[in-house]
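# Mind folding the following:
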Amino acid sequence: MNVWEGVALALTQIRTEKLKSFFALLGVIIGVMFLLVVVSVVEGMDRYIKEDFASQIFGLNTITVRRTPSVQINPDAEQRRGWSRRRRLTFEDADVIRASLTIPALVGVESMTSSQVEGDNGRKVENVFIAGISHELLRIRNFEVERGRPFSPQEAERGVPVIVLGKSTADVIFENVDPVGRTVKIRGFPYRVVGVLEEQGSIFGMSMDNRALAPALSPIRNVVNPRGVVDNIVIQTMDPAQIRPAMMEIEGILRVKNRLRPSEPNNFELETAEDSLGFWERISTILFMALPGLVGISLVVGGIVIMNIMLVSVMERTREIGVRKAIGARRRDVLIQVIIESATLSGIGALLGVLVGIGLTWIVRTVSPLPAVVAPQWVTMGVLLGVGVGMIAGVYPAARAARLDPVEALRYE
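Sure thing, here's the model as predicted:
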């Protein structure tokens, strides 16, 4: 039996019985499409979170000291009470770490809140993300200034009331006027605008450009936290390989400062970007583990439909099979012919599923910030899965066709 002859027969069947073939292919199309879209979205989200989200929210090669964990998954009442009893972090804690840490690193502080920002022209922006930060945070978070300049280390140390605005905040308040040198008010206190950040876009629909950054020791400290208190202490090591040793050293420094006995647990949290994103690692692992089962259900349904279609096809062509066997076709020839037809049918469904999946992935990438891209290996896997399902689904109909008696087949009406 010539392979290409079997393929040609399958294509002829699809062309002559379009509706039946479409329903036969539907399960495979949906299964392969689902595989490509879900894998592309999960991989895109994985890349987005680990690269863009981690670098903008946490910074690269950073250790963050917090009062409580950044990700709290179903804490019980006792845990919440324990966290609430912890002492607040202070500027003094950051100074002690900066003075005692032997590993080369930048040490900065940050405190956050949201508030209204009002320009000297009377225009206002609500719910601006306000951050009181030390000068080191500008480098740690990799904030790039598009116009003007960042505040200097001297301004940060002296607590000068200067401010750097996010692009959208500056555009709304000052429109087409250069904001550098102008004044904005936060809770009634004036700050001189020294710079405007480059556009950073949004993360999960949250604008990263509706923000304002002021020195942590400026009057902003009375807005974001009680006097002397900070939300986070952020440490960025010069060498990524030094993160874990630095964590151990920082833990020891803070335990000594807080006078904790060896048997007492830490009254602070130490997290890296990888630790904070551990929840996403668990979610993505579960998604990738569940994906084969979800795709498999669709492909099994598609395989059953293809098997039924091939059984009907074998029944309709009983006389044809009888003629073939009467003029010398062997059982193997008939078996191979039906399996090739089934595999071709399913393979075409897989190709259509790939095309639909690529289209849907393009739509996801266009309308969302996720860099969803269909990887070539998943296209190959989708086609191979489709062909494999067709071959398996065609085995039983092929075996029935191969067992037909030529004389009985020729008599079939």
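# Leaving out sequence neighbours, find the closest residue to residue 102.
Taking CB to CB, 6 or more residues apart in numbering, and ignoring the residues beside it in sequence, residue 102 has residue 249 as its nearest neighbour in space, at 6.6 Å. Backbone N, C-alpha and C define where each C-beta goes, glycine included.
# which sections of the stretch 51-200 of the chain are below the confidence cut-off?
51-60, 71-73 (pLDDT under 70).
# just the strands in it please.
62-66, 89-90, 105-119, 124-133, 145-148, 162-165, 183-186, 189-197 (DSSP state E, counting those that start in this stretch).
# do the stretch 201-350 of the chain as well
With DSSP E, counting those that start in this stretch as the criterion, the stretch 201-350 of the chain has strands at 202-203, 206-207, 211-215, 229-230, 232-237, 269-272.
# Who are the packing partners of the longest one?
Yep, that's strand 232-237 we're talking about. For strand 232-237, the packing partners by 3 or more CB pairs under 8 Å, 6 or more residues apart in numbering; DSSP states H and E come out as strand 62-66, helix 91-100, strand 105-119, helix 135-140, helix 243-257.
# Outside of that strand itself, which residues are in contact with it?
Strand 232-237 has contacts (CB atoms under 8 Å, 6 or more residues apart in numbering) with 59-66, 89, 93-94, 97, 101, 103-111, 136-137, 139-140, 243, 246, 250.
# Neighbouring strands - and their directions - for that strand?
Each strand that pairs with strand 232-237, with its direction, by DSSP bridges: strand 62-66 (antiparallel), strand 105-119 (antiparallel).
# Same list, those, but as JSON lines with mean neighbour count and distance to residue 396 please.
Converted to JSON lines, the strands paired with strand 232-237 look like this (neighbours: other CB atoms under 10 Å; distance: least, CB to CB, whole Å):
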{"stretch": "strand 62-66", "mean neighbour count": "23", "distance to residue 396": "59"}
{"stretch": "strand 105-119", "mean neighbour count": "20", "distance to residue 396": "64"}
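# okay, these in CSV with distance to residue 179 next?
CSV is the format used below for those (distance: least, CB to CB, whole Å):
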stretch, distance to residue 179
strand 62-66, 29
strand 105-119, 8
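# what's the closest of the ones you listed to residue 398?
strand 62-66 (60.7 Å; CB to CB).
# Tell me the buried residues in the lengthiest helix in the chain?
Selection of the longest helix in the chain by residue count, based on DSSP state H, yields helix 278-316. In terms of neighbour count (16 or more other CB atoms under 10 Å), helix 278-316 has its buried residues at 280, 284, 287, 295, 298-299, 301-303, 305-307, 309-311, 313-314.
# okay, now the residue lying closest to residue 250 once chain neighbours are set aside: neighbour count?
For residue 250, ignoring the flanking residues on the chain, the nearest one in space by CB to CB, 6+ apart is residue 97 at 5.9 Å. Neighbourhood size, residue 97 [other CB atoms under 10 Å]: 22.
# Over to the one 3 residues further on?
The burial count assigned to residue 100 is 14, neighbours taken as other CB under 10 Å.
# Pull the contacting residues for it.
Under the criterion of CB under 8 Å, 6+ apart, the neighbours of residue 100 are residue 253.
# and if we set it to 10 Å?
Residues counted as contacts of residue 100 (CB atoms under 10 Å, 6 or more residues apart in numbering) are 249, 250, 252, 253, 254, 256, 257.
# Next one: it from residue 41, what distance?
In this view, residue 100 and residue 41 are 45 Å apart by CB to CB, to the nearest Å.
# ditto for residue 304
Counting by CB to CB, the separation of residue 304 from residue 41 is 28 Å.
# And for residue 92?
According to CB to CB, residue 92 stands 46 Å off from residue 41.
# Residue 270 now?
Distance from residue 270 to residue 41, by CB to CB: 32 Å.
# Next: residue 285.
When CB to CB is applied, the distance between residue 285 and residue 41 equals 15 Å.
# now residue 338
37 Å.
# ok, now residue 252?
Distance from residue 252 to residue 41, by CB to CB: 43 Å.
# Of those two, give the one with the bigger neighbour count.
Comparing residue 252 with residue 41 by neighbour count (other CB under 10 Å), the higher total belongs to residue 41, at 18 against 11.
# coming back round to it: just checking, the residue nearest to residue 250 touches residue 253?
Yes - counting by CB atoms under 10 Å, a contact exists between residue 97 and residue 253, whose distance comes to 5.7 Å.
# May I see the buried residues of stretch 339-359?
Burial within stretch 339-359, assessed by neighbour count using 16+ other CB under 10 Å, is assigned to 339-354, 356-358.
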